[in-house]
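Colleague: Here is my input; please provide its structure:
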Amino acid sequence: MEITFELGYALDTFYFLICGALVMWMAAGFTMLEAGLVRAKNTTEILTKNIALYSISCIMFMICGYSIMYGGPDGLHAATPFLDGILGDGVAAHEDTYSPASDFFFQVVFVATAMSIVSGAVAERMKLWSFLAFAVVMTAFIYPMEGSWTWGGDAVFGMYTLGDLGFSDFAGSGIVHMAGAAAALAGVLLLGARKGKYTADGKANAIPGANLPMATLGTFILWMGWFGFNGGSVLALASVESANAVAVVFLNTNAAAAGGLVAALIMAQILFKKADLTMALNGALAGLVAITAEPSTPSPLQATLFGAIGGVLVVLSILALDKAKIDDPVGAISVHGVVGLLGLLLVPITNPLTEDGGASFSGQLIGAATIFVWVFVVSLVVWAILKAVIGIRVSEEEEFEGVDISECGLEAYPDFAITRN
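Modeller: Predicted structure coming up:
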């Protein structure tokens, strides 16, 4: 019996760590996607932002974020030392099934994912250190607080528990993706559009990315990493039931991405008379976001259809945001925010609320509103403070020359002539 327990503990811990490593690899996917979709003159800063935000996320979540998210009210005291945060009350329920340290590792890479979403939306015109300052607050406080109300199971401001109201988010369509998009939207509204993005009469000018092969590689990396994102959220592997659940989650995650890409590609052909690669890439990501809220209960065909709905929606959302003059260079707000909400609303279709769990449409709406309002409002305040104190936008001259030189002092492609525009 002891041997069986130890084997199960080892397998579940190892599975957690491998899935965490896959999610960590998504940081590379976000980096490549964003670097490919911005102009060459801004590439180095994108690379710097992404590797720095990952590091900041790991440090801040270790210092206090994990304790806030899973330690209950005690986690809201002063910054918690590493061992107290990792081995304290926040993981007591897990100690009999897998290593507490593996739980922390799996959770910290989710935090970095939420922050990566912000990076792409504010690309090409934000000051590097203002962005990194926001990353500190986002990963240490804003994300952990909404996470404590959802996955942490705490009552929202001591009033109600979202789970009791019928809210469910299996792997984070709302908790991670919509939260990241809400923070990004707050920043973009205060930051403003890139110079030359919109004409005087309000029409949007296309600003092509510098490296579409890199963007495509980034999408493939994200697609691969998503198996860890959703699959790891099963939280176990060492039983027949959990192993079957993992297999279903992997299958549905892949099916949704495929459905999203094909639907977005067809939608782009209908609207633009061209097979737009960037819309196809965002369609795949939209399919992944749509299925993330509940990848374990749909059939593979349902997962494909859910992904396809996300693929169509993301194309329409990108066009709508452009009409509203909300400049998002990589489509992050549409992919992770609009489709993140869609993912939450799809959950009750295949996992309706019962005595054993599930979700209701009202519960999903309340949960989505709670997450969005909290993250958006607090982020708006933080961005506004940063804007007033140190500024958040580079000068017009620095934006014209490219933020690589002004912010990092390095060009990503020094051996090639770069046309400024």
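Colleague: what residue ranges in this structure are flagged as low confidence?
Modeller: 1-3, 72-96, 417-421 (pLDDT under 70).
Colleague: Would you tell me which helix is longest in it?
Modeller: Identified as the longest helix of the chain according to DSSP state H is helix 2-37.
Colleague: how about the helix or strand just after that one: buried residues?
Modeller: The helix or strand immediately downstream of helix 2-37 is helix 43-60, counting by DSSP states H and E. With burial defined by 16 or more other Cβ atoms under 10 Å, the residues of helix 43-60 counted as buried are 43-50, 52-54, 56-58, 60. C-beta: built from backbone N, CA, C; applies to glycine.
Colleague: before we move on, the earlier item: what is the longest helix of the chain packed up against?
Modeller: helix 43-60, helix 100-121, helix 212-231 (3 or more Cβ pairs under 8 Å, 6 or more residues apart in numbering; DSSP states H and E).
Colleague: Highest mean neighbour count out of these?
Modeller: Across these, averaging neighbours per residue (mean count of other Cβ atoms under 10 Å) puts helix 100-121 on top, at a mean of 24.
Colleague: what's in contact with the helix or strand just after it?
Modeller: For helix 100-121, the following helix or strand on the C-terminal side (DSSP H and E) is helix 128-137. Helix 128-137 is contacted from outside by 45, 48-49, 52-53, 56-57, 60, 115, 118-119, 122, 183, 187, 379, 382-383, 386-387, 390-392, 403, 407-408, using Cβ atoms under 8 Å, 6 or more residues apart in numbering.
Colleague: re the thing from before, what would the helices and strands packed on helix 2-37 look like in CSV with distance to residue 304?
Modeller: Shown next, in CSV, are the helices and strands packed on helix 2-37 (distance: least, Cβ to Cβ, whole Å):
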stretch, distance to residue 304
helix 43-60, 31
helix 100-121, 24
helix 212-231, 15
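Colleague: Out of these, the one nearest residue 140 is which?
Modeller: Residue 140 lies closest, by Cβ to Cβ, to one member of the helices and strands packed on helix 2-37: helix 43-60, at 3.9 Å.
Colleague: how far off helix 100-121 does that closest one point, in degrees?
Modeller: 150 degrees (axes from the mean of the first three to the mean of the last three Cα atoms, to 10 degrees).
Colleague: mind saving the C-alpha coords of helix 43-60 as PDB?
Modeller: This file holds the C-alpha atoms of helix 43-60, laid out as PDB (Å, rounded to 0.1, in the frame of the first residue of the first chain):
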ATOM      1  CA  THR A  43      11.900  43.600 -31.600                       C
ATOM      2  CA  THR A  44      14.600  43.800 -29.000                       C
ATOM      3  CA  GLU A  45      12.400  45.500 -26.500                       C
ATOM      4  CA  ILE A  46       9.700  42.900 -27.000                       C
ATOM      5  CA  LEU A  47      12.300  40.200 -26.200                       C
ATOM      6  CA  THR A  48      13.500  42.100 -23.200                       C
ATOM      7  CA  LYS A  49      10.000  42.600 -21.900                       C
ATOM      8  CA  ASN A  50       9.000  39.000 -22.200                       C
ATOM      9  CA  ILE A  51      12.000  37.400 -20.500                       C
ATOM     10  CA  ALA A  52      12.000  40.100 -17.800                       C
ATOM     11  CA  LEU A  53       8.200  39.800 -17.000                       C
ATOM     12  CA  TYR A  54       8.600  36.000 -16.700                       C
ATOM     13  CA  SER A  55      11.400  36.500 -14.100                       C
ATOM     14  CA  ILE A  56       9.500  39.200 -12.200                       C
ATOM     15  CA  SER A  57       6.400  36.900 -12.100                       C
ATOM     16  CA  CYS A  58       8.400  34.100 -10.600                       C
ATOM     17  CA  ILE A  59       9.900  36.300  -7.900                       C
ATOM     18  CA  MET A  60       6.800  38.300  -6.900                       C
END
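Colleague: Quick one: residues in contact with that helix.
Modeller: Helix 43-60 is contacted from outside by 24, 27, 30-31, 34-35, 38, 108, 111-112, 115-116, 119, 123, 128, 131-132, 135-136, 139-140, 210-211, 403-404, 407-408, 410-413, using Cβ under 8 Å, 6+ apart.
Colleague: what does stretch 199-211 give?
Modeller: Applying Cβ under 8 Å, 6+ apart, the contact partners of stretch 199-211 are 35-40, 43, 194, 196-198, 215, 278, 322-323, 325, 329.
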